[in-house]
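Engineer: Have a look; sequence and predicted model below, questions after that.
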Amino acid sequence: MMQGTSGSLALLRALVGDDVITVDAATLAPLETDHRQLFHGKALALARPRDTAAVAKILAFCNAQKIGVVPIGGNTSYCGGATPDASGTQLLLSLARMNRIRAVDAANLSMTAEAGCILANVQREAAAAERYFPLSLGAEGSCQLGGNLATNAGGLNVLRYGMARDLVLGLEVVLADGRVLESLSALRKDNTGYDLKSLFIGSEGTLGVITAATLKLFPAQHDSATALATVPDPAAAVNLLALLRKRSGEMLSSFELLPRVALDLVQRHLPELGNRGMPETGEWQVLVELTSSRSQNSLQDWLQESLATAADKGLIVDAIVAQSGEQASQFWRWRESIPEAQRRDGASLKHDISLPVSSVPEFLSRAQPLLATCAPEGFLVAYGHLGDGNLHFNVNQKPGTDRAAFLAREPALQRAVHDLVHEFAGSFSAEHGIGRLKVDELARYASPVELDLMRAVKRTLDPNGILNPGKLLRG
Ligand SMILES: Cc1cc2nc3c(=O)[nH]c(=O)nc-3n(C[C@H](O)[C@H](O)[C@H](O)COP(=O)(O)OP(=O)(O)OC[C@H]3O[C@@H](n4cnc5c(N)ncnc54)[C@H](O)[C@@H]3O)c2cc1C
């Protein structure tokens, strides 16, 4: 930093306006700790610009002064991606005030929204235009579009619609030096050179600050069918997935694996959600959803028939097909409350992994025994987006064991789990990104060529290393 701290802040205030920069401790405090309370930092100040021009001024200034800038959205990252370091020299940059929907083009099935829009609001705006924006995750009431794109978020509908990256047509990004990449194209076909926007999606604020995006919309959903099915084991779940894909094609939009232990945690810690209709037996459940833009109300019968076929083949033991929208929502509330139930239960060690779907059963049978040697104080809560091969391979602390001893198991357990994932040609970070948490994992598992290219891109776009320092790549 070239100026003294107070000198820099005074200059910044003069540049963008007093009300854009705050050092108020109460405002800053919740943003200096990550969602999982794993990382704690101290920010120089918080900048809350109202438009792209102000973001550009802030970045140009910080680049010249070599001030680190940490973009922050809803602060729901599971990897400490938006937490400043402890130096008190990094500026937090929140886009929360940039929350306008700039345009909805229903005929083109596209929408341009600013990065500070809460994801649930983007979904609502699409619905108001009788369109559908499929990105959906447990944090959708507080995470922001900029954070979703910067982390290339996944969520509940990847099976059918892909990750956040697949939902973007165009992007507006402020570069480290304050230049603006205006690439808010609404085209579905555009082969004019490198696909620059893709570089920024999933770059976790280390290459540029996303200020707006043009998103793909889809026809509104008019029919859906949801079921909770008990499967004998994960191998049967994988076969059920194949059967439903064959019968339902692209109508299959979600296929989630829920172990009994996860439902038990939800029941114990969130009794207000109710347990009417919750399967009482069976170690493994899957939550299945079919959706269609056609309004023929036929999906429920279709799902019922498919599940009957699955039962004949021994792939399911039992199934409940939701009889109302409310019952379907109930199933989803149980599913989406697992992280919160886990949190209330106590300490947990988390692994956000992905594998070829076909390898999941064998992986689980080889990974489960790792607990006995690497974390005997823990029990497995492996659940998630089985349709995408994405498991949250989480381990919770057993009651009555020592918390510190359990948490101290993390490095050894993580190494064993991630090495096994690597052996299966999987990923140690399926959808949550790298942030601060997994910098060493990326350095370990990415190939030398991949790391060289990533560093070269970083040097080119952020030669002074001001953008989200210490995240994603080792300094
Ligand atoms: C209950 C719960 C459920 C979740 N479920 C899922 C899930 O199913 N799938 C999934 O993928 N994730 C999930 N997450 C993780 C998290 O919600 C996502 O990573 C989300 O996309 C982060 O958005 P955010 O606005 O909170 O970003 P933040 O946490 O604020 O930031 C995340 C990263 O993006 C960067 N960033 C933020 N805004 C910008 C911007 N405008 N420009 C450039 N960089 C920026 C930050 O610097 C940081 O590196 C879940 C989290 C919770 C708490």
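Structural biologist: Right, received. Where do you want to start? Residues are numbered from 1 along each chain as shown.
Engineer: Tell me where the model's unsure across the protein.
Structural biologist: 1-4 (pLDDT under 70).
Engineer: Could you list the contact residues of it toward the ligand?
Structural biologist: 35, 70-78, 81-82, 95, 115, 137-139, 143-144, 146-148, 150-151, 153-155, 204-205, 209-210, 339, 431-432, 435, 468, 471 (CB under 6 Å from any ligand atom). All C-beta atoms are positioned from the backbone trio N, CA, C, and that covers glycine.
Engineer: please redo it, this time with the cut-off set to 5 Å
Structural biologist: By CB under 5 Å from any ligand atom, the residues of the chain that approach the ligand are 71-78, 81-82, 95, 115, 137-139, 143-144, 146-148, 150-151, 153-155, 204-205, 209-210, 339, 431.
Engineer: Relative to A186, how far out is G277?
Structural biologist: According to CB to CB, to the nearest Å, G277 and A186 sit 43 Å apart.
Engineer: Kindly report the same for N297.
Structural biologist: Where A186 is concerned, N297 sits at a distance of 33 Å (CB to CB).
Engineer: Same question for L442.
Structural biologist: L442 sits 33 Å away from A186, taking CB to CB as the criterion.
Engineer: mind listing the helices for the stretch 251-400 of the chain?
Structural biologist: In the stretch 251-400 of the chain, helices defined by DSSP state H, counting those that start in this stretch lie at 260-269, 299-312, 325-336, 338-345, 360-367, 370-374, listed in chain order.
Engineer: which outside residues touch stretch 50-58?
Structural biologist: 12, 15-17, 20, 47, 49, 69, 91, 93, 95, 97-98, 172, 174, 178-180, 209, 211-212 (CB atoms under 8 Å, 6 or more residues apart in numbering).
Engineer: Figure out the helix or strand that the most centrally placed residue in the chain lives in.
Structural biologist: Centroid-nearest residue in the chain: A153, 3.7 Å away (criterion: CA atoms, centre = their mean). Counting by DSSP states H and E, there is no helix or strand that carries A153.
Engineer: List the contacts of it.
Structural biologist: Residues in contact with A153 (CB under 8 Å, 6+ apart) are L135, L137, C143, G147, M163, A164, E431.
Engineer: Hmm, N121 and the third one touching each other?
Structural biologist: No: counting by CB atoms under 8 Å, C143 sits too far from N121 to count as a contact (11.0 Å).
Engineer: and those two? which has more neighbours close in?
Structural biologist: Ranked by neighbour count (other CB atoms under 10 Å), C143 and N121 place C143 first, with 24 against 17.
Engineer: What separation do you get for N63 and K471?
Structural biologist: Counting by CB to CB, the gap from N63 to K471 is 17 Å.
Engineer: Isn't R474 up against A443?
Structural biologist: Yes: here R474 reaches A443: they are 5.6 Å apart, a contact under CB under 8 Å.
Engineer: ok, L93 touching I67?
Structural biologist: No: L93 lies out of contact with I67 (CB under 8 Å); the separation is 10.5 Å.
Engineer: What ranges does the stretch 301-450 of the chain have for its strands?
Structural biologist: 318-321, 348-349, 352-354, 378-385, 390-397 (DSSP state E, counting those that start in this stretch).
Engineer: These into a markdown table, with extra columns for mean neighbour count?
Structural biologist: Shown next, in a markdown table, are these (neighbours: other CB atoms under 10 Å):
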| stretch | mean neighbour count |
| --- | --- |
| strand 318-321 | 18 |
| strand 348-349 | 20 |
| strand 352-354 | 23 |
| strand 378-385 | 22 |
| strand 390-397 | 24 |
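Engineer: Of all those strands, which one is nearest R247?
Structural biologist: The closest of these to R247 is strand 318-321. By CB to CB, the value is 14.4 Å.
Engineer: give the contact list for the residue of the stretch 301-450 of the chain found nearest the ligand.
Structural biologist: Nearest residue of the stretch 301-450 of the chain to the ligand, counting by CB to the nearest ligand atom: E431, 3.5 Å away. By CB under 8 Å, 6+ apart, the residues touching E431 are T151, N152, A153, G154, G155, V158, M163, D352, S354, H385, N390.
Engineer: burial measure for the first one, as a count.
Structural biologist: Read that as T151. Residues near T151, counting by other CB under 10 Å: 29.
Engineer: excluding its backbone neighbours, what's nearest it?
Structural biologist: Spatial nearest neighbour of T151, chain neighbours left out: G433 (4.5 Å); criterion: CB to CB, 6 or more residues apart in numbering.
Engineer: neighbours around that neighbour, how many?
Structural biologist: 25.
Engineer: contacting residues around it?
Structural biologist: By CB under 8 Å, 6+ apart, the residues touching G433 are S77, C79, G81, T151, N152, G202, E204, L472.
Engineer: rewinding a little: mind checking which of the residues of the chain next to the ligand are in helices?
Structural biologist: G146, G147, N148, A150, P339 (DSSP state H).
Engineer: Any chance of these in a markdown table with neighbour count as columns?
Structural biologist: A markdown table is the format used below for those (neighbours: other CB under 10 Å):
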| residue | neighbour count |
| --- | --- |
| G146 | 29 |
| G147 | 29 |
| N148 | 30 |
| A150 | 30 |
| P339 | 21 |
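Engineer: What residues does R344 make contact with?
Structural biologist: L265, H269, L270.
Engineer: let's see 10 Å
Structural biologist: L265, V266, R268, H269, L270, S337 (CB atoms under 10 Å, 6 or more residues apart in numbering).
Engineer: Could you check how far the last one is from L265?
Structural biologist: Meaning S337. 9 Å.
Engineer: ok, L184 touching G170?
Structural biologist: Yes: at 4.2 Å, L184 and G170 qualify as touching, with contact defined as CB atoms under 10 Å.
Engineer: Find the residues that touch each one of those two.
Structural biologist: Common neighbours of L184 and G170 (CB under 10 Å, 6+ apart) are S110, T112, K197, A212, A213, T214.
Engineer: S8: which of the residues you listed is nearest?
Structural biologist: Distances from S8 to these, taken by CB to CB, are shortest for A212, at 27.3 Å.
Engineer: so what strands line up beside the helix or strand where that closest one lies?
Structural biologist: Assigned by DSSP H and E, A212 belongs to strand 209-216. Paired strands of strand 209-216, with direction, are strand 110-114 (antiparallel), strand 168-174 (antiparallel) (DSSP bridges).
Engineer: next SSE after it?
Structural biologist: Heading C-terminal from strand 209-216, the first helix or strand you meet, by DSSP H and E, is strand 218-219.
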